[in-house]
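Undergrad: Here is the input, now give the coordinates:
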Amino acid sequence: MEIVVKHWKRWAICAVAVAAAMTWAMVRRSSQELSQQVAAEELRASEAASLERAILAYQAVPMASLPDLISPDAVATVLQAARVDDDEGQSHTESDVLGVTNAVAALLYHRYAQADPEVYIRWRLQAGYVFVDRNKLLVASGEGASYEACFGHRPSDDQTLNEVFRDFWNYQINNAALHNRPVAVAGASLGQSVVFGTRSTVPGAKINRRPKPRGDLGNDAWNVRPAAFTRWFTPAFNPDGSEQTLRAATYGIVVQYADGSRRPLVFHLTQHSTSKQWLVDWITIRAARADTAEMY
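TA: Numbers count the residues shown, from 1 in each chain. Have a look, this model is predicted:
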């Protein structure tokens, strides 16, 4: 009997200890969840405040009307006003600035200052770009689902990416909301920023960050969330990893849309190590709306 009582006491003591531990774990978990909730709310409030400051800053930027820019050279002339900076330990030449400016100017002109998708595609392919991998574009990036939402069916297997892109382009011309129709770009240094640096080609590397725009608008204006990413084309010389570090540049420019709203487009560029050609890797759309729709 004594043994049974001793065993019962040990069981009772263990049960109390387990219950206490479970209670403490629940309290701690609740405390952690509360802390995470508070942190998330503070982050949302901070991002909302940053977005509000950024939107105000964009309104001070002098603009140049896109319909008035009748050639890539005309766009490049406007972009020459950009402030130019270097990341720490980096430097640029006049040739670098010219190469980046011309690459961005040509893309802006062919995408927004002329209306023919075939002209845009032809320029892309001749300038040193290729379409992104079909499966990555239509499946992983969700463009196949977007096509179905627009046209009622997914692209057929025999449709080329040229044809799919052309369909989207024409659909956007006929149906895009005003806040998705660019009408002007920053015409002064206040709304333009070029920064030179490097990027890593090693997957997951901490130094895989690109240069960030600076300029006189402030950090909020150039790096504000939310952000959207878009890429239909990629440089034909996309690095294969044999070179771990490449020269990179970022070109930020404030764009005005038909509804009067403004937001920055941030062009991320890489320089070919041999030819020294600068090409756009992809574009980040800052201060994006949930229904922002762009294609490059």
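Undergrad: If you rank every helix and strand of this protein by mean pLDDT, what lands last?
TA: Lowest by mean pLDDT, DSSP states H and E among the helices and strands of the chain is helix 2-58, with a mean of 62.
Undergrad: what mean pLDDT does the helix or strand following that helix have?
TA: As assigned by DSSP states H and E, the chain's next helix or strand after helix 2-58 is strand 63-65. For strand 63-65, the mean per-residue pLDDT is 97.
Undergrad: Quick one: list the elements packing against strand 63-65.
TA: strand 182-186 (3 or more C-beta pairs under 8 Å, 6 or more residues apart in numbering; DSSP states H and E). C-betas here are computed from N, CA, C, even on glycine.
Undergrad: Can you give the strand pairings for the strand it packs on, parallel or anti for each?
TA: Here strand 182-186 has these sheet partners by DSSP bridges: strand 63-65 (antiparallel), strand 245-257 (antiparallel).
Undergrad: weakest of those strands in terms of mean pLDDT?
TA: strand 245-257 (a mean of 93).
Undergrad: in it, what's buried?
TA: L246, R247, A248, A249, T250, Y251, G252, I253, V254, V255, Q256, Y257 (16 or more other C-beta atoms under 10 Å).
Undergrad: quick one on the thing from earlier: now render the strands paired with strand 182-186 as a markdown table, adding distance to F267.
TA: Formatted as a markdown table, these follow (distance: least, C-beta to C-beta, whole Å):
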| stretch | distance to F267 |
| --- | --- |
| strand 63-65 | 17 |
| strand 245-257 | 4 |
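Undergrad: ok, now which ones touch the closest residue to L161 other than its chain neighbours?
TA: Leaving aside its chain neighbours, L161 sits nearest to F131 (4.6 Å; criterion: C-beta to C-beta, 6 or more residues apart in numbering). Neighbouring residues of F131 by C-beta atoms under 8 Å, 6 or more residues apart in numbering: L137, L161, N162, F165, W232, F233, T234.
Undergrad: And V185, by the same measure?
TA: M63, A64, L66, L69, V75, V78, L108, G191, I253, V254, V255, Q256.
Undergrad: and it, what are its bridge partners?
TA: Going by DSSP bridges, V185 forms beta bridges with A64, V255.
Undergrad: what's the spacing between it and Y109?
TA: 10 Å (C-beta to C-beta, to the nearest Å).
Undergrad: which residues do those two both contact?
TA: With C-beta under 8 Å, 6+ apart as the test, V185 and Y109 both reach L69, V75.
Undergrad: Phi, psi for the residue nearest to E163 when sequence neighbours are not counted please.
TA: Nearest non-adjacent residue to E163, counting by C-beta to C-beta, 6+ apart: P155, 8.0 Å away. Main-chain torsions, P155, degrees, to the nearest 10: phi -60, psi 140.
Undergrad: how many neighbours does P155 have?
TA: Neighbourhood size, P155 [other C-beta atoms under 10 Å]: 19.
Undergrad: got a list of what it touches?
TA: P155 makes contact with L138, G144, Y147, E163, V164, according to C-beta under 8 Å, 6+ apart.
Undergrad: what's the most distant pair in these?
TA: Spanning the widest gap among the contacts of P155 are G144 and E163, at 13.5 Å by C-beta to C-beta.
Undergrad: of the two, who's got more company?
TA: Legend: neighbour count by other C-beta under 10 Å for G144 and E163, higher for G144 (17 against 13).
Undergrad: and the more buried one, what is it in contact with?
TA: By C-beta under 8 Å, 6+ apart, G144 lies in contact with L138, R154, P155.
Undergrad: so how far is K136 from it?
TA: 11 Å.
Undergrad: Please report how far V132 lies from L161.
TA: 8 Å.
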